[in-house]
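In: how would this look folded up:
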Amino acid sequence: MLVKFLDDARLVAEVSHLLTVAEEAVEAQRREFGKNVIDPFAAMFEMAGFGMDHAGWVNSELMRQAQKTLLNHVGGFHQNILGSVAGWKNMNTGSVVDIVSEKHKVIAEVKNKHNTLSGGKRSDQYSNLEKLVMQKASRYHGYTSYFVTIIPKSPERFDRPFTPSEKETGARVPENALIREIDGASFYQIVTGEKDALAQLFAVLPEVIAGISGKKSDEGDRAALKAYFSNAFGA
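Out: Numbers count the residues shown, from 1 in each chain. Alright, predicted model coming up:
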């Protein structure tokens with residue numbers, strides 16, 4: 001098995017989907033490039049300031065726009081992986097919550113990065129989770145809810161009450177043991193039972209990507225990426 005907590009075929013399918021998203025995003029930007037008005041002043045100063053010719057600037061702009069599309073799907077990749085682990089269910093886009101485990105009585109909302117939501121929207125997220133776990137009419141009444149940030153602001157591990165500030169008053173919401181926030185590595189451990197589950201996933205991705213795309217990353221690239229992982233997760 002590539003990782004201890006997930007079927008190989010499922011992992012390969014999710015990686016393949018994300019690679020397809022990336023490829024299609026680049027192609028879409030190539031087709032659409034120039035249809036929206038380009039700021040010629042910004043282009044001129046970027047070319048001069050960043051030491052690019054026009055062809056280099058166009059390629060950089062294509063990648064920048066395509067990256068936005070890809071990043072919107074990376075959080076979905078983690079949601080799909082977590083929701084494919086035995087005992088857990090991915091509720092998919094548009095549901096009231098991202099991931100559910102009836103077995104463990106847990107629900108979770110998954111965001112890819114610490115700056116995905118502004119302060120006001122974090123408060124809205126708290127209110128949504130509160131309704132789901134506290135209202136007696138809710139099917140998730142009494143469940144533990146998690147606001148998951150896969151890439152935290154700092155590499156510390158945390159599993160603590162989720163207490164964002166209220167939009168109207170600026171005061172923090174009261175602590176509730178059933179409404180929590182957690183980093184990605186810690187939540188992967190909860191879901192899989194594997195302390196190093198996220199590290200396992202990261203370690204096998206180059207192999208999976210190479211098997212799908214035929215493009216093997218070199219040793220220097222892998223070392224740089226591993227350093228990024230260590231910086232993000234302290235591991």
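
In: any buried residues in the lowest-mean-pLDDT helix or strand in the chain, and which?
Out: Taking mean pLDDT, DSSP states H and E as the measure, the helices and strands of the chain show their lowest mean at helix 119-134, namely a mean of 89. For helix 119-134, burial by neighbour count (16 or more other CB atoms under 10 Å) applies to 122-123, 125-126, 129-130, 132-134. Just so you know, the C-beta spots here come from the backbone N, C-alpha and C atoms, and that holds for glycine as well.

In: ditto for stretch 65-84
Out: 65-66, 70, 73-84.

In: for stretch 50-66, same thing?
Out: 52, 57-58, 61-62, 65-66.

In: tabulate the buried residues of helix 119-134 (JSON lines), appending distance to V12.
Out: Formatted as JSON lines, the buried residues of helix 119-134 follow (distance: CB to CB, whole Å):
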{"residue": "R122", "distance to V12": "34"}
{"residue": "S123", "distance to V12": "39"}
{"residue": "Q125", "distance to V12": "32"}
{"residue": "Y126", "distance to V12": "36"}
{"residue": "L129", "distance to V12": "33"}
{"residue": "E130", "distance to V12": "38"}
{"residue": "L132", "distance to V12": "33"}
{"residue": "V133", "distance to V12": "35"}
{"residue": "M134", "distance to V12": "40"}
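
In: widest-spaced pair of the residues you listed?
Out: Largest separation among the buried residues of helix 119-134 by CB to CB: R122 and M134, giving 17.8 Å.
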